[in-house]
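Chemist: Predicted model and sequence below, questions to follow.
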Amino acid sequence: MPSNKKASVFTHGKKLADGSMYIITIIDLEPAGLLIKAYNQSSNAEYTLSPTEGQIKEAGLSRKENDLTRLADSIDIVEKEDRTFISSTIPSIKDQKVIPQGPLVQTFISGTTVGAETLPDLLTTALSELCKVKPAGLDAVRWLGEWLLENNPNQPHVEEPEA
């Protein structure tokens, strides 16, 4: 029976910006891309980065040893918004998206603008309109989704010039 477990295609030791030694491991997840792991044995910390196949091609990288060495050498540790993660200096290899956690979630949501108002304001208006119509069950979900699509202030509007 074939195993779905992917094996490392490249392993490399490297000292990162925090002064600690890390084991950089690259795992081939073709056709999705690669998985890069940086593991610090002394602190038991592990960080991952997963460039897509498109990012790898845009960077001009293959799965040959010299390209994997270049990729591993481009990895460093970064701190941003009180989070630590690994990043590549190769421009087409995008950083992991920072997913807000804890109190940062409330800050993120309340700071998200939708047109001239904030996301909570738009959702309050949407839910008020939903209460006026009072659909039941899944119809309420469908109605709310359609209302949000129709009243999205970030949706582009095309104005036709008068003839």
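Modeler: Happy to help now that I have it.

Chemist: What number of residues are in the vicinity of S20?
Modeler: 15 (other CB atoms under 10 Å). Placement of C-beta: from N, CA and C, glycine included.

Chemist: Does anything pack onto the helix or strand harbouring L130? Which helices or strands?
Modeler: According to DSSP states H and E, L130 maps onto helix 119-133. Contact analysis of helix 119-133 by 3 or more CB pairs under 8 Å, 6 or more residues apart in numbering; DSSP states H and E lists helix 103-111, strand 113-114, helix 138-150 as its packing neighbours.

Chemist: Let me have those in TSV, adding mean pLDDT, mean neighbour count and distance to I23 as columns.
Modeler: Shown next, in TSV, are the helices and strands packed on helix 119-133 (pLDDT from 0 to 100; neighbours: other CB atoms under 10 Å; distance: least, CB to CB, whole Å):
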stretch	mean pLDDT	mean neighbour count	distance to I23
helix 103-111	85	11	30
strand 113-114	86	14	42
helix 138-150	93	12	46
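
Chemist: Now render these as JSON lines, adding distance to T84.
Modeler: Putting the helices and strands packed on helix 119-133 into JSON lines (distance: least, CB to CB, whole Å) gives the following:
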{"stretch": "helix 103-111", "distance to T84": "15"}
{"stretch": "strand 113-114", "distance to T84": "29"}
{"stretch": "helix 138-150", "distance to T84": "35"}
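
Chemist: Out of these, which is closest to Q41?
Modeler: Of all the helices and strands packed on helix 119-133, it is helix 103-111 that lies closest to Q41, at 29.6 Å by CB to CB.

Chemist: Now the helix or strand containing K57: buried residues?
Modeler: Using DSSP H and E, the element containing K57 is helix 53-58. Within helix 53-58, the residues scored as buried using 16 or more other CB atoms under 10 Å are 55-56.

Chemist: CA atoms only: put it into CSV for me.
Modeler: C-alpha atoms of helix 53-58 as CSV (Å, rounded to 0.1, in the frame of the first residue of the first chain):
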residue,chain,number,x,y,z
GLU,A,53,4.3,26.0,-7.5
GLY,A,54,3.6,29.3,-9.2
GLN,A,55,5.9,31.2,-6.8
ILE,A,56,8.6,28.5,-7.3
LYS,A,57,8.4,28.9,-11.1
GLU,A,58,8.3,32.7,-10.9
